[in-house]
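Trainee: sharing a model prediction with you, sequence too.
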Amino acid sequence: MTVFNLQDLANALNGQAVGDVNLKITGASEPQDARGGILAIATSADYVDKLRLGRAEIALLDAETDWQDLNLKAAILVERPRFAMAELSSRLDSRWRVGEKAVHSQAVVDPTAQIAKGAQIGAFCYIGAGVVLGKNAWLGTHVSLANGCKIGAYATLMDGVRVGRDVQIGEHFIAHPGAVIGADGFSFVTSERSAIENVRETLGDSQDAQPQSYSRIHSLGSVRIGNDVELGANSCIDRGTIRDTVVGDGCKFDNLAQVGHNVKIGLNCLICAQVGIAGSSVLGDNVVLGGQTGISDNLVIGDNVITGGATKVLSNIPSGRVMLGYPAMKMETQVNIYKSLRHLPRILKDIAQLKKTILKSE
């Protein structure tokens, strides 16, 4: 168990320690469960109210909170509590990067692989020929790195992560369990013009195309991922058909995200759960895609675009737009349409009554 001095922890959070600043902190919890050396996380009014339900002695509070009115022995006051939680949780999380042996005895490492100083490789991992594993990288159990892939320094690949051939990943990368980087893209073709092609061109008419079997287009490209990227559990990034699929620095993916072949994603994008980005689409910088957003193929999404949950994007979006709905439109327009739909039953009832009145007058 790691023990933190309250003053030192406050300094790390760019906060102010008040009260008995020499108290020791051994963990954190919600306010109603805190006691002794456990830091109560009470950074909003609702959580402050819950402090009285437990026996908390120390709390993390918004800087504007009157901590002395809460019967606490000490507190850490911060200007932006949500941001402080990032550093606090990092320091208190003891689950990651545990292990003593550099290479577990039950791991398989090709003799041509280059394993940098400080790297740790867990049980049942497979490291292929020509792999480069950076300084202080950490692999959990059952991780596989295919031939020729390169993983940057301080990367963390959790249990069951799969990295395909020749994939290149930058520094400080995090992949949660089950993520797959570098599988083949979903790309198939028929010998004759297909119903899918006709429907796409005509927007609805298959033109009596005959059923056919599909032939695979192999993915000859790879995947290139920048620095400080995080990939959620069971998320997938497909390799490119000819050119590489590219993910820029600072991007964060939630669980179950899917990035298709040839996609290019800019810097510091936030991709929430169950988002699907179809092949060859391009995202700018600082794009935020809400959960279950779908991006059709060959589209261009501008910088700073935000989509609400379950938005389905079927056309290009200029920079700075906030989108919602299916098909995607400006969020304020979609909200107004939804409000109008709520009135639709009453409007139809009024129209029916007017029709009756007109018929009677006739």
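Mentor: Great, that's in hand.

Trainee: so which residues of the protein form helices?
Mentor: Using DSSP state H, the helices of the chain run over 6-12, 45-50, 81-92, 195-202, 331-361.

Trainee: what helices or strands is the fourth one leaning on?
Mentor: The reference is to helix 195-202. Here helix 195-202 touches no other helix or strand, going by 3 or more CB pairs under 8 Å, 6 or more residues apart in numbering; DSSP states H and E. C-beta here means a position set from N, CA and C on the backbone, and glycine is covered the same way.

Trainee: re earlier: among the helices of the chain, which is nearest residue 229?
Mentor: helix 81-92 (16.2 Å; CB to CB).

Trainee: give the buried residues for that closest one.
Mentor: 81, 84-85, 88 (16 or more other CB atoms under 10 Å).

Trainee: how far does it sit from its chain's centre?
Mentor: 18 Å (CA atoms, centre = their mean, to the nearest Å).

Trainee: likewise stretch 218-238?
Mentor: With CA atoms, centre = their mean, you get 12 Å for stretch 218-238.

Trainee: same deal with stretch 282-296?
Mentor: 11 Å.

Trainee: just the CA trace of it, in CSV.
Mentor: What follows is stretch 282-296, C-alpha atoms only, in CSV (Å, rounded to 0.1, in the frame of the first residue of the first chain):
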residue,chain,number,x,y,z
VAL,A,282,-10.4,11.9,-42.9
LEU,A,283,-10.9,13.6,-39.5
GLY,A,284,-9.2,16.9,-38.6
ASP,A,285,-7.8,18.0,-35.3
ASN,A,286,-9.7,18.1,-32.0
VAL,A,287,-12.7,16.2,-33.3
VAL,A,288,-15.1,14.7,-30.7
LEU,A,289,-17.3,11.8,-31.8
GLY,A,290,-20.1,10.9,-29.3
GLY,A,291,-21.0,7.3,-28.5
GLN,A,292,-22.3,5.2,-31.4
THR,A,293,-21.5,7.9,-34.0
GLY,A,294,-21.1,6.5,-37.5
ILE,A,295,-19.0,8.1,-40.1
SER,A,296,-19.6,6.9,-43.7
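
Trainee: pLDDT averaged over it - what is it?
Mentor: The pLDDT scores in stretch 282-296 average 98.

Trainee: return the set of buried residues in that stretch.
Mentor: Residues of stretch 282-296 classed as buried by neighbour count (16+ other CB under 10 Å): 282-296.

Trainee: equivalent analysis for stretch 243-257, please.
Mentor: Within stretch 243-257, the residues scored as buried using 16+ other CB under 10 Å are 244-257.

Trainee: so how far is the first residue of that stretch from its last?
Mentor: Chord length of stretch 243-257, first to last residue, is 21 Å (CA to CA, to the nearest Å).

Trainee: again with stretch 24-37
Mentor: End-to-end distance for stretch 24-37, by CA to CA: 6 Å.

Trainee: pLDDT averaged over stretch 352-362, what's the number?
Mentor: Computed over stretch 352-362, the average pLDDT equals 86.

Trainee: render the CA-only coordinates of it in CSV, please.
Mentor: Extracted in CSV, the C-alpha atoms of stretch 352-362 (Å, rounded to 0.1, in the frame of the first residue of the first chain):
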residue,chain,number,x,y,z
ALA,A,352,-58.5,16.1,-38.3
GLN,A,353,-60.9,18.4,-36.4
LEU,A,354,-60.6,21.1,-39.0
LYS,A,355,-61.4,18.6,-41.8
LYS,A,356,-64.6,17.6,-39.9
THR,A,357,-65.6,21.2,-39.4
ILE,A,358,-65.1,22.0,-43.1
LEU,A,359,-67.0,18.9,-44.2
LYS,A,360,-69.9,19.8,-42.0
SER,A,361,-70.0,23.4,-43.3
GLU,A,362,-70.1,22.1,-46.9
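
Trainee: now do stretch 20-37: distance to the chain's middle.
Mentor: Mean-position distance between stretch 20-37 and its chain equals 30 Å (CA atoms, centre = their mean).

Trainee: same question for stretch 55-68.
Mentor: With CA atoms, centre = their mean, you get 31 Å for stretch 55-68.

Trainee: list of residues touching that stretch?
Mentor: Stretch 55-68 is contacted by residues 6, 13, 15-16, 18-19, 23, 25, 28, 31, 34-44, 48, 51, 70, 72-79, 81, 84, 88 when judged by CB atoms under 8 Å, 6 or more residues apart in numbering.

Trainee: filter those down to the buried ones, ChimeraX style.
Mentor: With 16+ other CB under 10 Å as the criterion, this ChimeraX line picks the buried residues out of the contacts of stretch 55-68:
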select :6,13,15,16,18,19,23,25,28,31,34,37,38,39,40,41,42,43,48,51,70,72,74,75,76,77,78,81,84,88
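
Trainee: is it true that residue 152 touches residue 134?
Mentor: Yes - counting by CB atoms under 8 Å, residue 134 is a contact partner of residue 152 at 4.5 Å.

Trainee: overlap in contacts of these two?
Mentor: Common contact partners of residue 152 and residue 134 (CB under 8 Å, 6+ apart): residue 171.
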